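Q: For reference, the sequence and a predicted model appear below.
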Amino acid sequence: MKLKTFLFPVLITGLLSVASFSVAQVTIGGSEPPAAGAILDLNSTTKGGLALSNVSIPDLEKIPTGTNLFPGITAGDNDDVNADFIGAIVYNNSANAAFKLEVSEQNTIDRGVKGIFVWDGNRWNSIGSTLVYSLTFAPYNLGADLSVLSGIGYDDLSPAKRQIKYLASCTLDEAYNVWGDHYQWGRVADGHEKGDAVPYATAGALTSGLDGVTGQVVDDTGGAYAKDATNQKYGHLIKADVAPFDWRSPQKDDIWGNGRGFALDGTFAADGIDKGGVLYNGEYYQNTDWAVPANNPCVSMGAGWRVPTQDEWERLMNYDGDPGTAGGSITLTSSTGTSTSTPYSAPLTWVPVKGGVASKSGWTNTKGNLGGIAVYKTADWDDAAAADYKNGTKNLYEAAAPEPILFLPASGYRDYKGGPMTYLGTNGFYWSSTVNDTRARYQSISSSTSSTLRSERTSGFSVRCVKE
């Protein structure tokens, strides 16, 4: 099947109705001679342009199957078919194309966008539009310290496998090297995020001592910050014992962006044009001059790192939610893991891990029983010498084990009323930048589920940064 038979079916039929194709060049839509060198010249000041075939492309590396536009195609990776369609041009009407997860120390998600695409024999390439939304999840939680693993048998392992191995035998105190810090929503690193941070003595949201530009707690220590000084606001947990259970009043929804991008001056774009290269209201916007604002806790990782949006957590999981929806959930049914299919046709397998092996039972806060979830490309998980890894008898950090694209430890959380750390080793709570009424959205993990939920903003949750 050739390009001309599917891209321009009506057009070609009309051309072939001419008595003979005696000329090498043709003008349609006007009386002017065709442009020099053009075989076909659409020339009109009163008519519309060329209407391309509308196609939904679920994978930029395959020709879509099962549509009338591609009759007779049963395998999108057939070499002969791929060669036949070289030069084919279509309009991709789905923004859900080309979701990919690459196994690396920093794992990348690629997302296609609507627009005109041309087939080069191996993949669809964008013409005149932004092709790919690339998102990289950091390989570990913000505040984690994997340097303690250097030189003690971990150097040849990926960050995901390092964490799985370390949590299999470390003590509860040592596990903070993997768990990292726990932030109140919207705050920067000032000391409050540490597991041993003491609460500010006065309960209730702060109404003073807040920076008028960033919205952060002003340093009131006079250069004499003390970790145990309950009379200092800066660097300490702000308790909340009344609704809306925020650490500051009035609430500031955009302090972490609320799922939006930033302009160069650190303000938030409001017109739907300059979104800093992030997903916003289901659409993708790109700003090559994107800057990380001062109130972003991920700024310590370097330029471009930020807190993920609710939408990005959901799309990693499997839930194609519209902005503002309550979120989605997947249920982990066994130690072999649960496979999900994202909106971009990239099957993933979510595997509960305890003690270095696949296991959804016995997650506790005791040595050897600290849990987490390893996320694999399903093809890698299924193609491994998998039986011994799936049944929980072989360690997932071995060299021969499949490589996770991501590992999310069950790092627990700090209660929003200033209580102690809890759920350590049994549940994980990961902030998004997206608010939901007076609360904020987060990703929850346990031995049985992964869900997008919402919580009070004074809660102390983990942060897994992303970068475009």
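A: Cool, the structure landed.

Q: for the stretch 51-200 of the chain, what spans make up the helices?
A: 79-84, 159-167, 176-179 (DSSP state H, counting those that start in this stretch).

Q: right, so of these, which gets closest to V353?
A: V353 sits nearest to helix 159-167 of all the helices of the stretch 51-200 of the chain, at 5.8 Å, using C-beta to C-beta. In this view, the C-beta of every residue, glycine as well, is placed from N, C-alpha and C.

Q: what's the spacing between that closest one and its chain's center?
A: 21 Å (C-alpha atoms, centre = their mean, to the nearest Å).

Q: So which residues make contact with it?
A: With contacts defined as C-beta atoms under 8 Å, 6 or more residues apart in numbering, helix 159-167 is touched by 105, 139-140, 144, 146, 149, 154, 157, 174-175, 177-178, 353, 356, 370, 372, 374, 395-397, 401, 403-407, 409.

Q: Can you list which of those residues are found in strands?
A: 353, 372, 374, 406-407, 409 (DSSP state E).

Q: Closest one of the residues you listed to P64?
A: Nearest to P64 among the ones in strands among the contacts of helix 159-167, counting by C-beta to C-beta, is L406 at 28.4 Å.

Q: Look up which residues are beta-bridged to the closest one.
A: Taking DSSP bridges, one finds V375 as the beta-bridge partners of L406.

Q: in stretch 396-412, what counts as buried?
A: Buried residues in stretch 396-412, counted by 16 or more other C-beta atoms under 10 Å: 396-397, 401-412.

Q: Let's have those residues in TSV, adding pLDDT and distance to N318.
A: Formatted as TSV, those follow (pLDDT from 0 to 100; distance: C-beta to C-beta, whole Å):
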residue	pLDDT	distance to N318
L396	95	21
Y397	94	25
A401	93	23
P402	92	19
E403	91	20
P404	92	17
I405	89	14
L406	92	14
F407	96	18
L408	97	15
P409	98	21
A410	98	20
S411	98	22
G412	97	24
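
Q: just these now: which is nearest K360?
A: Lowest distance from K360 to the buried residues of stretch 396-412 (C-beta to C-beta) belongs to A410, with 11.6 Å.

Q: That closest one against W363, yeah?
A: Yes - if you go by C-beta atoms under 8 Å, A410 and W363 touch, sitting 6.5 Å apart.

Q: what's near enough to touch N43?
A: With C-beta under 8 Å, 6+ apart, N43 has these contacts: 27-30, 32, 34.

Q: N391 now?
A: Neighbouring residues of N391 by C-beta under 8 Å, 6+ apart: 335-336, 358.

Q: Low-confidence ranges, the stretch 51-200 of the chain, go.
A: The stretch 51-200 of the chain contains residues with pLDDT under 70 at 65-81, 94-113, 128-135.

Q: residue boundaries of the strands in it?
A: Here the stretch 51-200 of the chain has its strands, by DSSP state E, counting those that start in this stretch, at 54-55, 89-92, 100-102, 107-112, 115-119, 124-127, 132-137, 183-184.

Q: before we move on, what about the stretch 201-350 of the chain?
A: Under DSSP E, counting those that start in this stretch, the stretch 201-350 of the chain gives strands at 279-280, 283-284, 305-306, 329-331, 338-341, 347-354.

Q: Need the winner for burial among those.
A: strand 347-354 (a mean of 26; mean count of other C-beta atoms under 10 Å).

Q: Can you list the strands that the helix or strand that comes right after that one pairs with?
A: On the C-terminal side of strand 347-354, the closest following helix or strand by DSSP states H and E is strand 357-358. With DSSP bridges as the test, strand 357-358 is paired with strand 347-354 (antiparallel).

Q: roughly how far out does stretch 179-190 sit from the chain middle?
A: On the basis of C-alpha atoms, centre = their mean, stretch 179-190 sits 19 Å off its chain's mean C-alpha point.

Q: Span of that stretch from start to end?
A: Using C-alpha to C-alpha, to the nearest Å, one end of stretch 179-190 lies 18 Å from the other.

Q: Show me the helices in the stretch 251-400 of the chain, by range?
A: Counting by DSSP H, counting those that start in this stretch, the helices of the stretch 251-400 of the chain are 310-317, 378-383, 387-390.

Q: and the last one, what other elements does it pack with?
A: Secondary-structure packing of helix 387-390 (3 or more C-beta pairs under 8 Å, 6 or more residues apart in numbering; DSSP states H and E): strand 357-358.

Q: what's the average pLDDT for the strand it packs on?
A: Mean pLDDT, computed over strand 357-358, is 94.

Q: Can you name the residues in contact with that strand?
A: Contacts to strand 357-358, defined as C-beta under 8 Å, 6+ apart, come from residues 335-337, 351-352, 389-396.

Q: Any regions of the stretch 201-350 of the chain where pLDDT drops low?
A: The stretch 201-350 of the chain contains residues with pLDDT under 70 at 259-294, 319-327, 342-346.

Q: can you rerun that using 90?
A: Along the stretch 201-350 of the chain, segments meeting pLDDT under 90 span 203-204, 212-214, 222-223, 240-242, 253-296, 299-306, 308-348.

Q: quick one on the thing from earlier: so which of the helices of the stretch 251-400 of the chain has the densest surroundings on average?
A: helix 310-317 comes out most buried of the helices of the stretch 251-400 of the chain by mean count of other C-beta under 10 Å, with a mean of 25.

Q: what's that one packed up against?
A: By 3+ C-beta pairs under 8 Å, 6+ apart, helix 310-317 packs against strand 107-112, strand 428-436, strand 439-445, strand 449-455.

Q: Can I get these in JSON lines including distance to L50 and mean neighbour count?
A: Output for the helices and strands packed on helix 310-317, formatted as JSON lines (distance: least, C-beta to C-beta, whole Å; neighbours: other C-beta atoms under 10 Å):
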{"stretch": "strand 107-112", "distance to L50": "22", "mean neighbour count": "22"}
{"stretch": "strand 428-436", "distance to L50": "40", "mean neighbour count": "25"}
{"stretch": "strand 439-445", "distance to L50": "43", "mean neighbour count": "24"}
{"stretch": "strand 449-455", "distance to L50": "42", "mean neighbour count": "20"}
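
Q: Which residues are in contact with L406?
A: 107, 137, 139, 160, 316, 374-375.

Q: returning to what we had before: who wins for most neighbours among the contacts of N391?
A: For the contacts of N391, neighbours were counted using other C-beta atoms under 10 Å, and A358 has the most, 26 neighbours in all.

Q: Just give the closest residue to that residue, not the sequence neighbours.
A: Once flanking residues are discounted, A358 sits nearest to S335: 4.3 Å by C-beta to C-beta, 6 or more residues apart in numbering.

Q: wouldn't that neighbour be in contact with D388 here?
A: No - taking C-beta under 8 Å as the definition, S335 is not a contact partner of D388, at 11.9 Å.
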